[in-house]
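# give me a model of this one.
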Amino acid sequence: MISKLQLHLTRVFMLIFLRDRQSIFFSLFFPIIFMTVFGFINNGRQEPINLGIVDASSSETAIEFIQQLIDNPVFNVTIGQEARLRSELVEGAQTLVLILPETFDVSGDGMELPLLVDAAQVQQLGLIMPVLQQTLIAIERDFRGNEPLFSLAIEDVQARSQRYIDFLLPGLMALTLMQLSIAGSGFNIVEYRRKGILKRLFVTPIKPRDFITAIVLARMAIVLIQLCVLIAFAVFLLDVRILGNFFAYFFLVILGTFIFLCLGFCLGSIAKTQQAVMAVGNLVIFPQIFLSGIFYPIDSMPAFMQPIAKLLPLSSVSTGMREIANNGASLLEVMPSLLGIGIWFVIAFVLATRLFVWKEVAN
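Residues are numbered from 1 along each chain as shown. You can find the predicted model right below:
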């Protein structure tokens, strides 16, 4: 049960944070500016998609099919040999390469058309596929009514319909809650020690659990407000879609906040000066920024780094949040991420309780 004293301390810690305008700017407006930049990049005018075509058929059907693609302003069509177009695909000169086999004709049964893509480069495949399918359907109706004639066989790609900003948002929010939580516990403990606040609190009837509970509640409220603002901005102004359940989403946010608050208490207990806590904090924060799949999928990292990256606490939090936001997953479907979060929950709590000694921290 939360006491009146704990609620009073929570209010005091929140007021202290709100008076720090510089912290508010970097913790709230920087993520908004960051999302806005990527939002405008992704919402700009779409350049024509470079589409290479290998015509091994030369039939009338193939000629008409190619002409429809040429007439479509979405595509910039290049016709050539497979070896040359494959090379251009690898070099980045082509986005897709479509192969029309020798049997490409109206007289044949349904067939698959090989579609070569660079899975590491194509992020808008979910937008490209409907255009190709519509072109196929148009030819089918011209020659065979509604009976399916062609289908696409995609090589080396996982089709995704979301923009990069849709992918980025959950990771950016996980990063924000990590930075706010660590700064709100570890950095503040060192700051309170430097100003003599902890020493004065130590001689009062306030108990360590009151102090810790108040900081946890204050930071939890601040993080939830922060992320609500980010979500509202992304959904209403950047048209970002969150497919999953918001309660499941914020459940992971709360668990992640608790983990990083505990890790922050550990840093504040170990480090004795602001310089020391900043150095130790950077050792905790920066590797996770680049290894936790915030800006790009963990699967795109070198194979030897992926197991290490998946063990990081931010990886579990951001992956679970992304699965819920982008794929509409339930809590049961993100069980691997919940397992990782649960393990780090226990580790962080044990470390925080063992290392946080009121008398030692106050001195």
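# show me where this structure has strands.
49-55, 75-79, 96-100, 111-117, 150-155 (DSSP state E).
# which elements pack onto the first one?
With contacts defined as 3 or more C-beta pairs under 8 Å, 6 or more residues apart in numbering; DSSP states H and E, strand 49-55 has these neighbours: helix 60-71, strand 75-79, helix 82-91, strand 96-100. The way it works is simple: take the backbone N, C-alpha and C, and place the C-beta from them, glycine included.
# ditto for the second one
Secondary structure elements in contact with strand 75-79, counted by 3+ C-beta pairs under 8 Å, 6+ apart, are strand 49-55, helix 60-71.
# any idea of the angle that strand forms with strand 96-100?
Here the directions of strand 75-79 and strand 96-100 differ by 50 degrees (axes from the mean of the first three to the mean of the last three C-alpha atoms, to 10 degrees).
# going forward, count from 40.
Sure, I'll start numbering at 40, so the last one becomes strand 114-118.
# quick one: work out the angle between strand 114-118 and strand 88-94.
30 degrees.
# quick one: work out the angle between strand 114-118 and helix 121-130.
Interaxial angle, strand 114-118 versus helix 121-130 (the same axes, to 10 degrees): 140 degrees.
# give me the contacts around strand 114-118.
87-94, 105, 108-109, 124, 127, 133, 170 (C-beta atoms under 8 Å, 6 or more residues apart in numbering).
# neighbours around residue 151, how many?
Around residue 151 there are 12 other residues, counting by other C-beta atoms under 10 Å.
# for it, give its distance to residue 107.
Per C-beta to C-beta, to the nearest Å, residue 151 is found 19 Å from residue 107.
# and for residue 226?
61 Å.
# rank the helices and strands packed on strand 114-118 by pLDDT, which is bottom?
Lowest mean pLDDT within these: helix 99-110, at a mean of 81.
# got a pLDDT number for the residue sitting nearest the centre point of the chain?
The centre of the chain sits closest to residue 210, judged by C-alpha atoms, centre = their mean, with a distance of 3.0 Å. pLDDT for residue 210: 86.
# ditto for residue 197
On pLDDT, residue 197 comes in at 43.
# about what we covered before: need the helices and strands packed on strand 88-94 in JSON lines with mean neighbour count, can you?
Output for these, formatted as JSON lines (neighbours: other C-beta atoms under 10 Å):
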{"stretch": "helix 99-110", "mean neighbour count": "16"}
{"stretch": "strand 114-118", "mean neighbour count": "17"}
{"stretch": "helix 121-130", "mean neighbour count": "15"}
{"stretch": "strand 135-139", "mean neighbour count": "23"}
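# can you pull the domain assignment for the chain?
The record's domain parsing of the chain by automatic domain parsing lists 43-80+202-401, 86-162+164-194.
# deepest of those, which one?
domain 43-80+202-401 (a mean of 18; mean count of other C-beta atoms under 10 Å).
# for that domain, the distance to its chain's centre please.
From the chain centre to the centre of domain 43-80+202-401 is a distance of 15 Å (C-alpha atoms, centre = their mean, to the nearest Å).
# enumerate the beta-bridge partners assigned to the residue nearest to residue 87 when sequence neighbours are not counted.
Excluding the flanking residues, the one nearest residue 87 by C-beta to C-beta, 6 or more residues apart in numbering is residue 115, at 4.0 Å. Going by DSSP bridges, residue 115 is paired in beta bridges with residue 89.
# got a pLDDT number for residue 115?
Residue 115 is given a pLDDT of 87.
# before we move on, back to that, for residue 394, find the nearest of the strands of the chain.
Nearest of the strands of the chain to residue 394, taken as C-beta to C-beta: strand 150-156 at 50.0 Å.
# average pLDDT for the closest one?
In the prediction, strand 150-156 has an average pLDDT of 79.
# and the angle for that strand with strand 135-139?
160 degrees.
# what distance separates strand 150-156 from the centre of its chain?
The answer for strand 150-156 is 30 Å, by C-alpha atoms, centre = their mean.
# could you do stretch 114-123 as well?
Worked out by C-alpha atoms, centre = their mean, stretch 114-123 lies 34 Å from the chain centre.
# could you tell me the end-to-end distance of it?
19 Å (C-alpha to C-alpha, to the nearest Å).
# need the per-residue pLDDT for residue 181.
Here, the pLDDT recorded for residue 181 equals 61.
# sorry, slip of the keys, the one I care about is residue 380.
Predicted confidence (pLDDT) for residue 380: 92.
# touching, it and residue 298? I think so.
Yes: with contact defined as C-beta atoms under 8 Å, residue 380 and residue 298 form a contacting pair (6.9 Å).
# name the residues contacting each of the two.
352, 356.
# which ones are touching residue 71?
268-269, 272.
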